[in-house]
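J.: compute the structure for the input listed below.
(one chain, ligands or ions: 2)
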Amino acid sequence: MNKLFSHPISISTRLIFLISITLSLALLLFSWIMINSVILHFKQQDEYALSQISLTIRSFLSENTNSQNEQFSRIRTILNEHQNLVVYLIDQNGNVLTSPNATIDIISRLKNYDPTKDNADQYLDNYRLAESKIKVYRSNDIQQYRLVTALSLNFHHDYLNALIYKLIISAILLCLFTIAVVYFLVIKGLKPLKEVSDEIKNVTSENLSIRLDPDSVPNELKQLTISFNQMLIKIEDVFVRQTNFSADIAHEMRTPITNLMTETQISLSKNRTKEELAEVLYSNLEEYSRLSRMISDMLFLAQADNNMLTPDQKQVDIKAEITFILEYFEFLAEDNDIQLKMVGSAGLIFADKEMLRRAITNLISNAIRYTPKGDSVSINLTDVKNGIEIIISNPGKKIPEEHLPKLFDRFYRVDKSRQRKNEGSGIGLAIVKSIILAHKGSIFVTSDEYSTRFTIFLPYNYG
Ligand SMILES: Nc1ncnc2c1ncn2[C@@H]1O[C@H](COP(=O)(O)OP(=O)(O)OP(=O)(O)O)[C@@H](O)[C@H]1O
Ligand SMILES: [Mg+2]
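T.: Ligands and ions are numbered 1, 2, ... in the order given. This is a model prediction of the structure:
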């Protein structure tokens, strides 16, 4: 019912259709009840009339003062005045009285009428019939009669036909009127929906900051506008990030390339010794590797964006993995007078070893960078429901609340004025997040005046 041909049926059509069907059924039921009660009423009326006729004829026949001939002629006179009534009266001697206006056909039918065999409803063609036996005492004699009366139903039928005709016409008119009213109401009722849809139509990439006003729409549409606004916020956020992203890439690339150009130009400006040239080349190599790292990071993120990161599903002992990474960072930590501690343990998980190594390395390298001299970075491992939890925490300055949700964005750094030499490009946490998400895990960061903590959840098996 939801689809007619290939298009979904419109709300107005559905409403009009349903209301018309309901109304038609209601009218049909109403007409049926009405016609049936009229028919029943007519039947009771006819039966009463027939019994009254039988009583009247009996009273005529009971009169002792007149002869039977006189009685019959008086009855005939009365029957003459009732065109819709046919009577067949026969006494024990075979004398017959019939209505003067009746046809032979109807008289013969009345004569042969047998209520036990014929229609139980005493209904014959257009007549309702009744039979009665009459006994009267006259001149010390018992006279017996058989009386069959028939009442023409033509009048009732005409009335019923007229009633049915009027009911049909009124039903059609009422249906048409209701459809018109419903159509009008539906169009009026759906107007706010059209207004909302017009407002939505006006949203373009240039004015993503537009918001619909949930208080100006009817209750039914409130949730829709709220959801739409939430969607706009998300789209705007992604859009702004995407726009900034290109600018950020250009910016990040420009600096090392400018450095390379300047250094090359200076070294070309006069004759250099072999050693001087080698020094320039070493310095350039640093910039090249920085650029190369950045490009491969970008490629990695592009893959993640296109859902093309498919981690290996190999068994990984995360504790052994972290121990290995900590050994790698040992010298750097010592140089900075920082201690690296690991506590707890966790079960084996199915994951991509290389990717996890990359993620954890990124987090530990950040932690070491932001830990004050003499303090320690700690890594906490625990088994939780359906997976493991890794918390990497380091003391240091609190990251202001407003930065936390954006920390995992590409090129996002808390302190933008910091010297580039000490800072990375701000892409590390974006990579960490895409790796964790590719494993169907989660990551979040909290920070207070004592420490900053990155909490990772990894399912035992992400597949
Ligand atoms: N452990 C931490 N303590 C305090 N601040 C942190 C910590 N880890 C990350 N941050 C903040 O989050 C920012 C983003 O980190 P991210 O790892 O993405 O970039 P980065 O380390 O600056 O560069 P990259 O990792 O690409 O070399 C950092 O610039 C820093 O301001
Ligand atoms: Mg980093």
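J.: can you report how many residues neighbour the nearest residue to N154 once chain neighbours are set aside?
T.: Nearest-residue entry for N154: N126, 5.7 Å, with adjacent residues in sequence omitted and distances by Cβ to Cβ, 6 or more residues apart in numbering. For every residue, glycine as well, the C-beta is placed using N, CA and C. Neighbour count for N126, taken as other Cβ atoms under 10 Å: 15.
J.: what does L176 give?
T.: Neighbour tally, L176, other Cβ under 10 Å: 11.
J.: who touches the residue nearest to N154 in this structure?
T.: 152-154, 157 (Cβ atoms under 8 Å, 6 or more residues apart in numbering).
J.: which members of those are classed as buried?
T.: Neighbour-count burial (16 or more other Cβ atoms under 10 Å) applied to those gives 152-153.
J.: secondary structure class for I391?
T.: With DSSP: H, G, I helix; E, B strand; the rest coil as the basis, the three-state label of I391 is strand.
J.: burial measure for it, as a count.
T.: 16.
J.: tell me what it is bridged to.
T.: As for beta bridges, I391 partners with N380, T455 under DSSP bridges.
J.: report the contact partners of it.
T.: I391 neighbours (Cβ under 8 Å, 6+ apart): 379-380, 453-456.
J.: next SSE downstream of the helix or strand L29 falls within?
T.: Secondary structure from DSSP states H and E places L29 in helix 11-62. Counting by DSSP H and E, the element after helix 11-62 in chain order, helix or strand, is helix 68-80.
J.: what residue in this structure comes nearest to ligand 2?
T.: Closest residue of the chain to ligand 2, Cβ to the ion: G428 (2.8 Å).
J.: for that residue, what are its contacts?
T.: 362, 365-366.
J.: how about F155?
T.: F155 neighbours (Cβ under 8 Å, 6+ apart): N84.
J.: before we move on, the earlier item: ok and the helix holding L29 relative to helix 68-80, angle-wise?
T.: 160 degrees (axes from the mean of the first three to the mean of the last three Cα atoms, to 10 degrees).
J.: wait, which of the contacts of N126 is closest to ligand 1?
T.: Each of those was checked against ligand 1 using Cβ to the nearest ligand atom; the closest is H157, at 93.5 Å.
J.: could you check how far the residue nearest to N154 is from ligand 1?
T.: Distance, N126 to ligand 1, by Cβ to the nearest ligand atom, to the nearest Å: 99 Å.
J.: kindly report the same for L25.
T.: Using Cβ to the nearest ligand atom, one gets 67 Å for the distance from L25 to ligand 1.
J.: now do stretch 392-406: distance from first to last residue.
T.: Stretch 392-406 has an end-to-end distance of 19 Å (criterion: Cα to Cα, to the nearest Å).
J.: actually stretch 147-162, sorry about that
T.: Across stretch 147-162, first to last residue, Cα to Cα, it's 33 Å.
J.: pull the CA atoms of stretch 212-222 into PDB?
T.: The C-alpha trace of stretch 212-222 is given here as PDB (Å, rounded to 0.1, in the frame of the first residue of the first chain):
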ATOM      1  CA  LEU A 212      15.500  26.200  11.300                       C
ATOM      2  CA  ASP A 213      13.400  27.600  14.200                       C
ATOM      3  CA  PRO A 214      11.800  24.600  16.000                       C
ATOM      4  CA  ASP A 215       9.400  26.900  17.800                       C
ATOM      5  CA  SER A 216       7.900  28.200  14.600                       C
ATOM      6  CA  VAL A 217       6.700  24.800  13.400                       C
ATOM      7  CA  PRO A 218       3.900  22.500  14.700                       C
ATOM      8  CA  ASN A 219       4.800  19.900  17.300                       C
ATOM      9  CA  GLU A 220       5.000  17.000  14.800                       C
ATOM     10  CA  LEU A 221       7.700  18.800  12.900                       C
ATOM     11  CA  LYS A 222       9.700  20.000  15.900                       C
END
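J.: contacts for that stretch next, please.
T.: By Cβ under 8 Å, 6+ apart, stretch 212-222 touches 192-193, 195-196, 199-200, 224-226, 228-229.
J.: then stretch 101-119?
T.: Against stretch 101-119 from outside (Cβ under 8 Å, 6+ apart): 79-80, 83, 86-88, 90, 98-99, 122, 124, 127, 129, 131, 148, 150.
J.: so which of these are in strands?
T.: Members of those lying in strands (criterion: DSSP state E): 86-88, 90, 98, 124, 127, 129, 131, 148, 150.
J.: per-domain residue ranges of the protein.
T.: The chain is divided into the following domains under automatic domain parsing: 7-168, 215-304, 309-459.
J.: I'd like the average pLDDT over the first one.
T.: Put plainly, it is domain 7-168. Across domain 7-168, the average pLDDT comes to 85.
J.: how many neighbours does the one residue in the stretch 151-300 of the chain that gets nearest to ligand 1 have?
T.: Ligand 1 sits closest to D297 of the stretch 151-300 of the chain, with a gap of 6.9 Å, by Cβ to the nearest ligand atom. Residues contacting D297 under the criterion other Cβ under 10 Å number 18.
J.: element containing it, please.
T.: helix 274-305.
J.: repeat for T361
T.: helix 353-370.
J.: circling back to that earlier point, in a markdown table: the contacts of stretch 212-222, plus neighbour count, secondary structure and pLDDT.
T.: Converted to a markdown table, those look like this (neighbours: other Cβ atoms under 10 Å; DSSP: H, G, I helix; E, B strand; the rest coil; pLDDT from 0 to 100):
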| residue | neighbour count | secondary structure | pLDDT |
| --- | --- | --- | --- |
| P192 | 15 | helix | 87 |
| L193 | 15 | helix | 86 |
| E195 | 14 | helix | 88 |
| V196 | 19 | helix | 88 |
| E199 | 17 | helix | 88 |
| I200 | 14 | helix | 89 |
| L224 | 15 | helix | 90 |
| T225 | 20 | helix | 92 |
| I226 | 14 | helix | 94 |
| F228 | 18 | helix | 93 |
| N229 | 15 | helix | 93 |
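J.: pick the one among the residues you listed closest to I164.
T.: Lowest distance from I164 to the contacts of stretch 212-222 (Cβ to Cβ) belongs to L193, with 42.0 Å.
J.: residues in contact with the closest one?
T.: By Cβ under 8 Å, 6+ apart, L193 lies in contact with L221.
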